[in-house]
Every structure is written in C-alpha cells, then in structure tokens.
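Novice: What follows is a protein structure lacking sequence information:
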C-alpha cells in the first residue's frame with residue numbers, strides 16, 4: 001500500500017513539473033503528522049521544560065547543561081546516571097525516580113551528551129556514581145572520558161556498557 005501511495009505521488013509530481021506544466025494535477029491527501037516539532041527541532045529545551053513542569057519538586061535541572069536530577073540524588077547511595085542522545089523520549093529522563101536513575105544526561109537530538117555535561121552530573125550527585133552507557137561510539141567515548149576525569153578528581157565512578165538486546169539479529173548488532 002505504501003509503495004503504491006509513493007509511486008502515485010511520484011508520478012503526479014513528475015507529470016506536473018516535467019511533462020505537463022500547464023495541466024492541473026490532483027495530489028493524494030498526505031497522511032496526518034505523527035510528530036510535534038518546535039521552531040527548532042534540534043533543541044531539547046522544550047522537552048526538558050515540559051518534563052520539569054510535569055514533575056514539580058521531584059526533578060531539578062543543572063544550570064548550564066542538559067542534566068536532570070531526581071530529588072533523591074542527595075541521599076548517600078550509589079547514584080545511577082545514564083544518558084545519550086535525545087529523540088527517543090522518554091529514554092533516560094523518563095526513568096528518573098526513587099529506586100531508578102538519579103540523573104539523566106541529555107545530549108542533542110541523536111547526539112551524545114558532552115563530556116562536560118556528564119562530568120557535571122557526576123559532580124552534582126557528589127557520592128559514588130555508576131554510569132550506565134549504551135553501546136554507541138559517542139556515548140562510550142564521552143562517558144568514558146568523563147569517568148576518567150572524575151577519577152582524576154578522586155571521585156568514585158564506575159562505568160557499565162549496556163550491550164545489544166537479544167531480540168536484535170546478529171547482522172544488526174551494534175544498535176543498543
């Protein structure tokens with residue numbers, strides 16, 4: 001069905017723009033939009049603001065970076081921090097809560113968070129931290145470098161890399 005829709009659409013466009021510029025062509029109706037975009041689709045600021053408004057008192061955003069912390073992050077425990085590129089919401093920030101993540105480090109849309117943001121999250125929680133990193137090159141590099149820098153500051157930080165899901169075929173691994 002989808003291929004017929006696109007084939008008829010291509011045919012109509014080809015005829016209207018190339019062969020018959022003087023004849024009116026009726027285009028099939030477009031399917032309804034499935035996404036909402038702000039004026040800048042690469043910005044995650046509206047998402048972070050809406051998340052903070054939806055959970056008042058339980059979440060806080062670090063000033064100057066896209067790091068969200070749960071209110072329980074000040075308790076003396078091992079803090080679980082995770083993050084990655086935005087665009088898969090509510091990944092990361094949707095798992096903030098008691099007994100879950102203490103902090104979510106959000107990168108841009110489909111881009112890894114910066115080393116500075118990860119390090120800011122580690123510094124903010126204060127206590128020992130476990131960085132949960134997905135098996136993407138940028139995430140591994142940036143979270144790993146931040147962990148090394150935090151270790152140089154004598155902070156207790158460990159990294160665990162989450163690998164592929166067993167539901168993904170062997171040919172498509174590397175898509176954690």
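Specialist: Received it, and whenever you're ready, just let me know what you need. It should be emphasised that the depicted structure is a prediction, and the values quoted were computed from it without experimental measurement. Residues are numbered from 1 along each chain as shown.

Novice: which residue ranges form the strands in this protein?
Specialist: Taking DSSP state E as the criterion, the chain contains strands spanning 59-61, 67-70, 79-86, 103-109, 129-134, 157-162.

Novice: Let me have those in CSV, extended by mean neighbour count.
Specialist: Backbone N, C-alpha and C define where each C-beta goes, glycine included. CSV is the format used below for those (neighbours: other Cβ atoms under 10 Å):
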stretch, mean neighbour count
strand 59-61, 17
strand 67-70, 25
strand 79-86, 24
strand 103-109, 24
strand 129-134, 22
strand 157-162, 14
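
Novice: Could you export the ones you listed as a markdown table, including distance to residue 149?
Specialist: Formatted as a markdown table, these follow (distance: least, Cβ to Cβ, whole Å):
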| stretch | distance to residue 149 |
| --- | --- |
| strand 59-61 | 22 |
| strand 67-70 | 15 |
| strand 79-86 | 14 |
| strand 103-109 | 14 |
| strand 129-134 | 12 |
| strand 157-162 | 9 |
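
Novice: possible to save those strands as a markdown table with mean pLDDT and distance to residue 140?
Specialist: Converted to a markdown table, those look like this (pLDDT from 0 to 100; distance: least, Cβ to Cβ, whole Å):
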| stretch | mean pLDDT | distance to residue 140 |
| --- | --- | --- |
| strand 59-61 | 91 | 25 |
| strand 67-70 | 92 | 19 |
| strand 79-86 | 91 | 10 |
| strand 103-109 | 90 | 13 |
| strand 129-134 | 93 | 6 |
| strand 157-162 | 94 | 6 |
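
Novice: remind me which residues of this protein are low pLDDT?
Specialist: Scanning the chain for pLDDT under 70 picks out 1-42, 73-75, 164-176.

Novice: So which elements touch the longest helix along the chain?
Specialist: As assigned by DSSP state H, the longest helix anywhere in the chain is helix 137-152. On a contact count with 3 or more Cβ pairs under 8 Å, 6 or more residues apart in numbering; DSSP states H and E, helix 137-152 meets strand 79-86, helix 115-125, strand 129-134, strand 157-162.

Novice: residues in contact with the nearest residue to residue 57 once chain neighbours are set aside?
Specialist: Once flanking residues are discounted, residue 57 sits nearest to residue 71: 6.7 Å by Cβ to Cβ, 6 or more residues apart in numbering. By Cβ atoms under 8 Å, 6 or more residues apart in numbering, the contact list for residue 71 reads 57-60.

Novice: for residue 65, same thing?
Specialist: Shown in contact with residue 65 (Cβ under 8 Å, 6+ apart): 105, 114, 116-117, 120-121.
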